[in-house]
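Visitor: turn this into a structure:
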Amino acid sequence: RACELIKEGRESMNSDIRSLREDFMEFVNRNYKKRFVIKIGNRFEIINTGEIAYFYSEEKTTHLMTVNNEKYALDSPLNIIAEVVDPSKFFQISRSLIVSVNAITSVSKLGSSGKLSVKVKPEYEGDAICSRMRSSDFLHWLDDMS
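Guide: Purely as a prediction, here's the structure:
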């Protein structure tokens, strides 16, 4: 009976390892959005993700801001956008703002609160504040990008 339990344990462990490997390979091979197609009247604008400085939500509308200071409204909510953009290039610093690593010009601490003030270009009209809860992850992400 002990041999059967060991065999069952091994089979279960092998199954878990296969499942983890499949999950890992799916994550590694995941395709992220490379461009956004935005309808403007009768035409469509194509914005490559490399041209995007940040995404933000304002009054229940999600916007995309390009590095050339062009603003576009999007149909998708910010939480969906966070899932489809490459996490090595974009980070959601708050509920209302996802920034591109290329748009960040500086980061500074806000007193002893643990929050961070993030400056982006083009300038974000609201407060680009990274919460205390996300600050550590954000700084690690930023450091990995250098």
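
Visitor: how near is the residue nearest to Lys109 when sequence neighbours are not counted to Asp75?
Guide: Leaving out its chain neighbours, the residue that sits closest to Lys109 by CB to CB, 6 or more residues apart in numbering is Leu116, at 6.2 Å. To be clear about C-beta, it is placed using only N, CA and C from the backbone, and glycine gets the same treatment. To Asp75, Leu116 is 30 Å away according to CB to CB, to the nearest Å.

Visitor: the two: who's more crowded?
Guide: Higher neighbour count among Leu116 and Asp75: Leu116, with 21 against 9, using other CB atoms under 10 Å.

Visitor: ok, which stretches of this structure are strands?
Guide: Ranges of strands in the chain, per DSSP state E, are 35-40, 43-48, 52-58, 61-66, 71-74, 90-94, 97-100, 104-109, 116-120, 129-130.

Visitor: output the longest one as CSV, nothing but the C-alphas.
Guide: Read it as strand 52-58. Only the C-alpha atoms of strand 52-58 are listed here, as CSV (Å, rounded to 0.1, in the frame of the first residue of the first chain):
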residue,chain,number,x,y,z
ILE,A,52,1.7,55.4,-26.6
ALA,A,53,2.8,57.4,-23.6
TYR,A,54,0.0,56.4,-21.3
PHE,A,55,-3.6,55.4,-20.9
TYR,A,56,-5.9,57.0,-18.4
SER,A,57,-9.5,57.1,-17.2
GLU,A,58,-11.4,60.3,-16.7
